[in-house]
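> Sequence and predicted structure, then a few things I'm wondering about:
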Amino acid sequence: MGDIVQQVFNEISLERNPAMWHSEVDNKKASEKRIKFLAQFDETLFTQALCFEKSPARKNDVLANALQLKSEKAKDPIEAVKFLSQALCFCSDDTRDQVVRKRSKKWEELKNTKNALMDLLFVINKDDQDKSRIIELAKSSDVLKESSKESDIEQTLEDIEKNVNNVPSKVKVKSFSRHKTLKEFSSQIDIKNEKGRGRFLVAAQDIEPGEVIAVDTSHASLLDRVHVPTNCDNCLLPAPYPVPCPTCSMAKFCSKSCQEKACSTHHKYECLIQDTLYKSGTGAWQLAYRIVAGKPLNFWLKMKKSFEDHNEDMGLSEAGVYSSDDIMTVFNMVTHDTGESRQAPQLMKECLTALFFLRCLQSKNYFCQTSQPSSNLSEEETYIALLLHHFMRVVFYNSHEAMQLVPESGWQKNKVVRIGVCLNPSLALINHSCDPNYARVVRGRQVMAFATRKIRQGEEILDVYSGTYLKSDIESRREVHTRYNFDCRCHSCQHDWPTEQLLPRNISKKHIEKDISDKVVKKLDNSFKEVTQTRWQSGVDSCTARDRLASMLSNCVVSHPHWLVAQAEDLLHRALWDLFGK
């Protein structure tokens, strides 16, 4: 059962009111009419798709017992832990504590006291033996000081859990002064606004290569389906030995704190229908569902008046603080509600998707309704459906790929893979260029932005939303630009720069921006060529590589585009990934 929304769309298309299906009017009132019209079809109740009794994510004690038997037969303790981790995801409340205790003992066999401790803290019904062992493990792993008084056992356990959960999960970057209104950005950034261009960011002073520009935390994030078994549903970090959802077997978490946070917010309304959401064919739009599901209904009702105006200029004045964790920041992101021509089928599909998300919320009793969902939507339900519709457009035009580092034998060989999609409201302020001058390093939901070349005062900070000119020809890039409703006027597009295969591999005087001697040109050529060689890359660590590459690029006088300079920028990004992405 794949692409659920499209299947229903195909079944009901052009039924009942042909004029509605052919209308290309695109405003809030028209969207409301479409949603209410679509709600009249029995098919749009999505009854079969939202049947919990058929959910593949249900707990399964038979499978859990089989996995426990496999763990007992496993000769390798690591293999035994993996089987127990799988069993933990499928077992019901009755056997969960038993499985957790078994996994804790295996961690002790492996001399991993931290994981053994975290597992015992996860036991719901702790007996005296559990409590004593928790205190012993806490002392041996420096979570609890040897001198700590233990007269109040429950208070001691509470302190231990607090200390375990207070371990910082974010990578520390060099501290920097923050911008007054752009809270996630450095004070080295200025925000500008021009008629016809909208908002954009520029360097308030020279920014050196490798220097941090911003540190953002994704407002919302979503794993790709293939990474759901391996990563935390809340923070997106790897969860090889997960803490499972208490109610379903699908969502996994890296820690008890992540589990508690997700299960009290978005996962509360995804549990047992998460597989349906993935099979709905709604892609990144699912982030809109997660944004709404992450807050209770009362929160959105209180915000209703604030949402009457969509202000895309928010953050331009000192009075308008722009922060990624503020829902008003998210609401006011660019949606291209005006100025883009959307065809009738696209408009109907958007509204059907918003209605599908509404049905998902109804199925999870988001509205605390006493009756079954019907074809007549209440005022509150209509408001939430339109809010979902709005956030779908926010997500479409502003989301980034969520990435993860896969370490290899050497910083220069590390791979970076996509694991999902995320919404970073602050970084979304940065405009596109096919020749970007900054790059991101991601660790879970933490996103760090670094300059990859020298950005001089007044120059715009530039991201890439399509392929770069190095990897994609101009026609391929234009297809992507059209899809996202913008016309790229960067230097590489205006001058049709060649892809990397056709770029010069040697530095000569014709590539230099100022008059320098042949001897200096030769030295520059040799220096850039050296860092592209495997021998040099293998002989230095990522910190040394970062420092040298940053210095070379800071003093670079080679004109763009040039293959050697592009390679140095890419290597700098790789070094930064190795330093901050692990």
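All right, it came through fine. Residues are numbered from 1 along each chain as shown.
> Can you list the low-confidence ranges for this structure?
Residues of the chain that meet the criterion pLDDT under 70 lie in 1-2, 145-151, 166-172, 314-319, 339-340.
> rerun that using 80 as the cut-off
1-2, 142-152, 164-175, 195-198, 312-320, 337-341, 369-371, 484-485 (pLDDT under 80).
> middle-most residue in the protein, spatially?
residue 422 (3.0 Å; Cα atoms, centre = their mean).
> can you tell me which residues contact that one?
Shown in contact with residue 422 (Cβ atoms under 8 Å, 6 or more residues apart in numbering): 218, 220, 221, 222, 236, 287, 399, 400, 401, 402, 445, 447. From N, CA and C alone the C-beta is placed, and that goes for glycine too.
> Out of these, list just those in helices.
Using DSSP state H, the subset of those located in helices is residue 287.
> Sketch out the helices for the stretch 451-582 of the chain, chain order is fine.
Along the stretch 451-582 of the chain, counting by DSSP state H, counting those that start in this stretch, helices occupy 474-483, 491-494, 518-531, 534-538, 542-554, 563-580.
> For residue 192, which of those is the nearest?
Distance to residue 192, taken as Cβ to Cβ, is lowest for helix 491-494 among these, at 18.8 Å.
> now could you export just the CA positions of the closest one as CSV?
Coordinates of each C-alpha in helix 491-494 appear next as CSV, following Å, rounded to 0.1, in the frame of the first residue of the first chain:
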residue,chain,number,x,y,z
HIS,A,491,28.2,34.3,-11.8
SER,A,492,28.4,30.6,-12.8
CYS,A,493,25.0,30.8,-14.4
GLN,A,494,25.5,34.3,-16.0
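> Only the buried residues of it, if you could.
492, 493 (16 or more other Cβ atoms under 10 Å).
> Could you list every helix and strand in contact with it?
Identification of packing neighbours for helix 491-494 by 3 or more Cβ pairs under 8 Å, 6 or more residues apart in numbering; DSSP states H and E yields helix 474-483.
> How far off centre is the helix it packs on?
Relative to its parent chain, helix 474-483 has a centroid offset of 24 Å by Cα atoms, centre = their mean, to the nearest Å.
> Dump it to PDB, restricted to CA.
The C-alpha trace of helix 474-483 is given here as PDB (Å, rounded to 0.1, in the frame of the first residue of the first chain):
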ATOM      1  CA  ILE A 474      23.300  24.800 -16.400                       C
ATOM      2  CA  GLU A 475      20.200  23.100 -17.900                       C
ATOM      3  CA  SER A 476      20.000  20.600 -15.100                       C
ATOM      4  CA  ARG A 477      20.300  23.300 -12.600                       C
ATOM      5  CA  ARG A 478      17.700  25.500 -14.200                       C
ATOM      6  CA  GLU A 479      15.200  22.700 -14.000                       C
ATOM      7  CA  VAL A 480      15.600  22.700 -10.200                       C
ATOM      8  CA  HIS A 481      15.500  26.500 -10.000                       C
ATOM      9  CA  THR A 482      12.200  26.500 -11.900                       C
ATOM     10  CA  ARG A 483      10.700  23.900  -9.500                       C
END
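> can you list contacts of that helix?
432, 434, 465, 466, 467, 469, 487, 488, 493, 496.
> so how far is residue 417 from the fifth one?
Translated: residue 467. Distance, residue 467 to residue 417, using Cβ to Cβ, to the nearest Å: 17 Å.
> More neighbours: which of the two?
Shown here are residue 467 and residue 417; by other Cβ atoms under 10 Å, residue 467 has more neighbours (14 against 11).
> Now do the contacts for that one.
434, 476, 477, 480.
> neighbour-wise, which of those residues leads?
Of these, residue 434 is surrounded by the most neighbours, 25 neighbours in total, counting by other Cβ under 10 Å.
> isn't that residue right up against residue 473?
No: using Cβ atoms under 8 Å, residue 434 makes no contact with residue 473, being 10.4 Å away.
> Excluding chain neighbours, give the residue nearest to residue 563 in space.
residue 503 (3.9 Å; Cβ to Cβ, 6 or more residues apart in numbering).
> Switch the contacts of residue 467 over to a markdown table; also include distance to residue 144.
As requested, those are exported to a markdown table (distance: Cβ to Cβ, whole Å):
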| residue | distance to residue 144 |
| --- | --- |
| 434 | 54 |
| 476 | 58 |
| 477 | 56 |
| 480 | 54 |
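> Tell me the one among these nearest to residue 380.
residue 480 (38.0 Å).
> Just give the nearest non-adjacent residue to residue 454, would you?
Nearest to residue 454 is residue 554, by Cβ to Cβ, 6+ apart, at 5.2 Å.
> Roughly how far does the one you found sit from residue 5?
From residue 554 to residue 5 the distance is 50 Å (Cβ to Cβ).
> and those two? which has more neighbours close in?
Neighbours were counted for residue 554 and for residue 5 using other Cβ under 10 Å; residue 5 has more, 21 against 16.
> Near residue 331, how many other residues are there?
21.
> Can you say which of the helices of the stretch 451-582 of the chain is packed in most?
Of all these, helix 563-580 carries the top mean neighbour count, a mean of 22, counting by mean count of other Cβ atoms under 10 Å.
> buried stuff in the helix or strand containing residue 299?
Element membership for residue 299, per DSSP states H and E: helix 297-302. The neighbour-count check on helix 297-302 (16+ other Cβ under 10 Å) flags 297, 300 as buried.
> what's the answer for stretch 104-119, then?
Buried residues in stretch 104-119 (16+ other Cβ under 10 Å): 104-108, 112-119.
> Among those residues, which are located in helices?
Under the assignment DSSP H, the buried residues of stretch 104-119 contribute 104, 105, 106, 107, 108, 113, 114, 115, 116, 117, 118, 119 to helices.
> And the furthest pair within those residues?
105 and 114 (14.6 Å).
> mind checking the end-to-end distance for stretch 176-190?
With Cα to Cα, to the nearest Å as the measure, stretch 176-190 spans 15 Å from end to end.
> so how far is residue 102 from residue 288?
For residue 288, the distance to residue 102 - Cβ to Cβ - is 40 Å.
> Comparing these two, which shows the higher neighbour count?
A direct count of neighbours by other Cβ under 10 Å for residue 288 and residue 102 places residue 288 higher, at 26 against 19.
> From what I see, that one and residue 388 are in contact.
Yes: using Cβ under 8 Å, residue 288 is in contact with residue 388, at 5.4 Å.
> Now the common contact residues for the two.
residue 357.
> Next, the closest residue to residue 17 other than its chain neighbours: secondary structure please.
Excluding its sequence neighbours, the residue lying closest to residue 17 (Cβ to Cβ, 6+ apart) is residue 37, at 6.5 Å. The three-state assignment at residue 37 reads helix, by DSSP: H, G, I helix; E, B strand; the rest coil.
> what residues are up against residue 37?
So residue 37 contacts 16, 17, 20 (Cβ under 8 Å, 6+ apart).
> State the distance from it to residue 18.
Using Cβ to Cβ, residue 37 is found at 12 Å from residue 18.
> and if you look at residue 380?
Applying Cβ to Cβ to residue 380 and residue 18 gives a distance of 30 Å.
> which one of these two has more residues nearby?
residue 380 (15 against 9).
> looking at it, the more buried one is touching residue 298, isn't it?
No: Residue 380 is not in contact with residue 298 according to Cβ under 8 Å; the separation is 10.3 Å.
> which residue packs closest to residue 114, ignoring adjacent ones?
residue 141 (5.2 Å).
> same question, residue 230
Of all residues not flanking residue 230 in the chain, residue 238 sits nearest, at 6.3 Å (Cβ to Cβ, 6+ apart).
> ditto for residue 321
Leaving out its chain neighbours, the residue that sits closest to residue 321 by Cβ to Cβ, 6+ apart is residue 181, at 5.2 Å.
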